[in-house]
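**Q** For reference, the sequence and a predicted model appear below.
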Amino acid sequence: MKPIIGLTGGIGSGKSYVGRFFNQFDIPIYLADKEAKRLMIQDPVLKSSIKSLLGKDSYHRNGRPNRPYIAQLVFNNKKLLKSLNKLVHPAVQADFRSWANQQKAPYAIEESALLFEIKAGDKFDKIILVTAPKDIRINRVIKRDNVTKERVLNRMKNQLSDQKKIPLSDFVIINDGKEDIAKQVQKIHNQILKLIK
């Protein structure tokens, strides 16, 4: 079984940016958020489970998810969001496993924003956490998504703080614009390769 590594971090921490440094070592990265969206369209079992949970209006006639409708239902309903996650995350995990086993690299990475929040930490051999100061993260997301500070803070509320995530992680990458990311990634990559041998 190929070692699988979780890459996580709060919104605006720069997970995808850090991921590109692992790509330079030919380490493949599975983007959980992107693949979840694909599975919600392509996986017939997942689709029918979502329709059972949220009603037939959760999908358009063309078979694509009605995202505004779903967001409106789950945004203020934590219980419903939890139920939806319980359907989507196992489908994503199964898809990731089969994808990881097809990769030729010595290990594979899954980039997942909510890795700890969905209690998936024990599914990985090692976990890399990307951190950055809160104000930097807020500014990055405002710039990237063209949203208000209030929207960013609301999204942050649904994520655990770095203080809670650090003790649960095996490696921590500081992405504050000062620390050298390439050096940090090189070091972690070498340590993972040593563990595999």
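**A** Thanks, I have it. Numbering: from 1, shown residues only.
**Q** Contact partners for the one residue sitting closest to the centre of the chain?
**A** The chain has residue 112 as the residue nearest its centroid, 1.4 Å off, counting by CA atoms, centre = their mean. Counting by CB atoms under 8 Å, 6 or more residues apart in numbering, residue 112 makes contact with 6-8, 32-33, 118, 120. C-betas here are computed from N, CA, C, even on glycine.
**Q** just residue 116 next, same as before
**A** 8, 160, 164-165, 168.
**Q** repeat that with 6 Å
**A** 160, 165, 168 (CB atoms under 6 Å, 6 or more residues apart in numbering).
**Q** Could you tell me the model confidence score at the first one?
**A** Which is residue 160. Here the pLDDT value assigned to residue 160 is 93.
**Q** tell me which element it falls in.
**A** Following DSSP states H and E, there is no helix or strand that holds residue 160.
**Q** which ones are touching it?
**A** 116-117.
**Q** And for the second one?
**A** For residue 165, the contacting residues are 116, 129, taking CB under 6 Å, 6+ apart as the criterion.
**Q** Distance check, it against residue 106.
**A** 25 Å (CB to CB, to the nearest Å).
**Q** Could you identify the most distant pair in the contacts of residue 112?
**A** 7 and 118 (14.6 Å; CB to CB).
**Q** More neighbours: the two, which one.
**A** Applying other CB atoms under 10 Å to residue 7 and residue 118 shows that residue 7 carries more neighbours, namely 28 against 19.
**Q** I'd assumed residue 26 was in a strand, is it?
**A** No - applying DSSP: H, G, I helix; E, B strand; the rest coil, one finds residue 26 to be coil, outside a strand.
**Q** what kind of secondary structure is the residue of the chain positioned farthest from its centre in?
**A** Within the chain, the residue lying farthest from the chain centre (CA atoms, centre = their mean) is residue 61, at 28.6 Å. Here residue 61 is recorded as coil under three-state DSSP.
**Q** quick one: the helices in this structure?
**A** Using DSSP state H, the helices of the chain run over residues 15-23, 32-42, 44-54, 67-75, 78-102, 134-145, 149-157, 162-165, 181-196.
**Q** Looking at these, which is nearest to residue 2?
**A** Taking CB to CB, helix 78-102 is the member of the helices of the chain nearest to residue 2, at 5.5 Å.
**Q** thinking again about what came up before, might you report the residue contacts of the residue farthest from the centre of the chain?
**A** Residue 61 neighbours (CB under 6 Å, 6+ apart): none.
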